[in-house]
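Participant: Got a predicted structure here, sequence first:
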Amino acid sequence: MIGRCSACDPNCYFVHPSGPEPCDYLFIGEKPGVQEDRRQKVFVGDAGMELDGLYLPLAGLERSQVRITNVLKCRLGASNAKPTEAQMSACARYWLAEEIARCRPKVIVLLGATACKLVPEIELDKDHGMPLWLEKQHARSVLGAWEGWVWPSYHPAAGMHQTSLMIPLMQDFERLRKWWKGKWKPPSESGETYDYSLTSGLPMWHTFQSAGYNWLAVDTENDRDHPFSIQFSRSPHQASMIMADDKAAICMLKEFIPVFNGLLLHNAPHDLYWLAQMGVTGFKFRDTMQEAYHRGNLPQGLKALGWRLFGIRMKSWEDLVMPYSRARMVEWLSRAWDWASDNRERQETQLKTKLKITYRRTAMERDIARIIKHSHKPDYDIWERAEEAGLIKDELVEICGLVPRPGIGHVPIEEVVEYGCRDADVTGRVGAWMDQQPGVEIAVEDWDR
């Protein structure tokens, strides 16, 4: 009688892994499908046929050479719903660590989003087809003490449901073959130096003397409802930032734009709006987000493109802004708590010999204390909780000042310069890379206002 994990559905069959043990390659999918449950064999449905007939051959592999298993060993009922975190953890902890220890794989190929969650650092959109080394000290309990290479990939079924993913899937498996044979290495930016700076007014002219691009790469930042800055890059590894209130520098930027074919933007609608707010209009432009989309095998996000094309790990807006914004909001809540504690309800109780006076802690104090206590949790929305508790009201705003909403204005300027200039730099490099690729026509548009 085979054991069962706590998530197991006793009405479903346990679907055993298949393939050699030990093995060089261990492929891990999500859970058994209808055919797998019926036949009690792993990857024998449509996705298994795609894997065997298309993707494994591209990697130079045959089914008999690899071992295949799933995060969950049974189907969990008739539903195709994604497994919950609790179900994944229960089954993987019960089976997977021991299975990996027996197989001693050199490479673990994670098929799909569910399998990739076994390694929390993986972001599938950015990391598919990119090898990641896991060391023992970083191993998760669900993988045991194993050390080796992890290869994230979309699930073979993804190409059947979303045909746009077939090209990335095929390329990832081709890349797996080349990488294993030492014929391909992931891009890396280690050791590179960057020239990012805050510039203004007349000293800005020299930044255009050695332009390396035909198109000026531009990015904008806004602080909620207000423009914050313009960043521009004229050559790789270089970018400059102009503050939105630096009118002289913005006028000079407008004078230099005609030197280039036009502006290179990423997610043009966003940047066009904020450029117009700063008085920058009347130029030709390209949108690298659209160009990435039309290639069909690239992510559209700039952060994902920077990583996949150049090996650049870029900080997200949330990672940049939220720690400082949270700290400012906690300061505001602390001031509100001080005021609330100074205005507690006075209670008088007549005792036999004296009048007893006490001050009752208010509901506002309790709400604020609770929010501050949980404010360090990344998924805890302190602004939403403050709204729900009725704290954001005119009375407190008048006493404590405006509520510090999430925004780039809370971030030290040196970190903003690094973040914004990196976006402009990578936009320029993506555009230059696009220019070198055959087969896609570049769409140039006019922006007049």
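Facilitator: Structure's in. What do you need? Keep in mind that what you see is a predicted model, and the values were worked out from it rather than measured. Numbers count the residues shown, from 1 in each chain.
Participant: doesn't residue 228 fall inside a strand?
Facilitator: Yes - the assignment for residue 228 is a strand, going by DSSP: H, G, I helix; E, B strand; the rest coil.
Participant: close enough to count as contact, it and residue 409?
Facilitator: Yes - applying CB atoms under 8 Å as the test, residue 228 and residue 409 come out as touching, 6.9 Å apart. Backbone N, C-alpha and C define where each C-beta goes, glycine included.
Participant: Could you report the neighbour count for the nearest residue to residue 215 once chain neighbours are set aside?
Facilitator: Closest residue in space to residue 215, ignoring its immediate chain neighbours: residue 264 at 4.1 Å, by CB to CB, 6 or more residues apart in numbering. For residue 264, the neighbour count with other CB atoms under 10 Å is 30.
Participant: tell me the contacts of residue 264?
Facilitator: Contacts of residue 264 were listed using CB atoms under 8 Å, 6 or more residues apart in numbering, and they are 213, 215-218, 285-286, 288, 427-428, 431.
Participant: Stretch 312-320: which residues count as buried?
Facilitator: 312, 314, 320 (16 or more other CB atoms under 10 Å).
Participant: Mark which of those residues are part of helices, please.
Facilitator: Among the buried residues of stretch 312-320, the residues falling in helices (DSSP state H) are residue 320.
Participant: if we take the buried residues of stretch 312-320, which one ends up nearest to residue 302?
Facilitator: Comparing those against residue 302 with CB to CB places residue 314 closest, at 7.2 Å.
Participant: List the contacts of the closest one.
Facilitator: 302-303, 306-307, 422-423, 426.
Participant: Without its sequence neighbours, what residue ends up closest to it?
Facilitator: residue 303 (4.5 Å).
Participant: which residues sit against the host helix or strand of the one you found?
Facilitator: According to DSSP states H and E, residue 303 maps onto helix 302-310. Applying CB under 8 Å, 6+ apart, the external contacts of helix 302-310 come out as 123, 125-127, 129-130, 187, 189, 266-267, 288-289, 292, 298-299, 312-314, 316, 422-423, 426-427, 429-430, 433.
Participant: Mark which of those are buried, thanks.
Facilitator: 123, 125-127, 129-130, 266-267, 288-289, 292, 298-299, 312, 314, 422-423, 426-427, 429-430, 433.
Participant: Take those and keep only those in strands.
Facilitator: Judged by DSSP state E, strands contain none of the buried ones among the contacts of helix 302-310.
Participant: Tell me which of the residues you listed fall in helices.
Facilitator: Using DSSP H, the buried ones among the contacts of helix 302-310 in helices are 125-127, 288-289, 292, 422-423, 426-427, 429-430, 433.
Participant: May I see those residues organised as TSV, with distance to residue 147 and pLDDT added?
Facilitator: Output for those, formatted as TSV (distance: CB to CB, whole Å; pLDDT from 0 to 100):
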residue	distance to residue 147	pLDDT
125	26	89
126	23	90
127	19	94
288	38	96
289	38	96
292	35	92
422	32	97
423	35	98
426	32	97
427	37	98
429	34	96
430	34	96
433	34	95
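Participant: Out of the residues you listed, flag the one nearest to residue 94.
Facilitator: Once CB to CB is applied, the member of those that ends up nearest residue 94 is residue 127, at 26.6 Å.
Participant: Contacts only, for residue 110.
Facilitator: Contacts of residue 110 (CB under 8 Å, 6+ apart): 28, 116, 118-119, 122, 150-153.
Participant: at 7 Å what do you get?
Facilitator: Applying CB atoms under 7 Å, 6 or more residues apart in numbering to residue 110 gives the contacts 28, 116, 118, 150-153.
Participant: Can you give me the buried ones in stretch 179-195?
Facilitator: The neighbour-count check on stretch 179-195 (16+ other CB under 10 Å) flags 179-180 as buried.
Participant: Report the rounded mean pLDDT for it.
Facilitator: What stretch 179-195 shows for mean pLDDT is 90.
Participant: pLDDT weak spots in the stretch 201-350 of the chain?
Facilitator: Counting by pLDDT under 70, the ranges of the stretch 201-350 of the chain that qualify are 201-211, 346-350.
Participant: ranges for the strands of it?
Facilitator: 216-223, 226-233, 238-243, 263-265, 283-287, 345-350 (DSSP state E, counting those that start in this stretch).
Participant: Return the alpha-carbon coordinates of the first one using CSV.
Facilitator: Going back to what we said before, that points to strand 216-223. Taking C-alpha atoms only, strand 216-223 is exported to CSV below (Å, rounded to 0.1, in the frame of the first residue of the first chain):
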residue,chain,number,x,y,z
LEU,A,216,17.7,59.0,-28.5
ALA,A,217,16.4,56.6,-25.8
VAL,A,218,14.1,58.4,-23.4
ASP,A,219,12.2,57.3,-20.2
THR,A,220,10.1,59.3,-17.8
GLU,A,221,9.2,59.1,-14.1
ASN,A,222,6.2,60.6,-12.4
ASP,A,223,5.4,61.0,-8.7
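Participant: Understood, closing this out.
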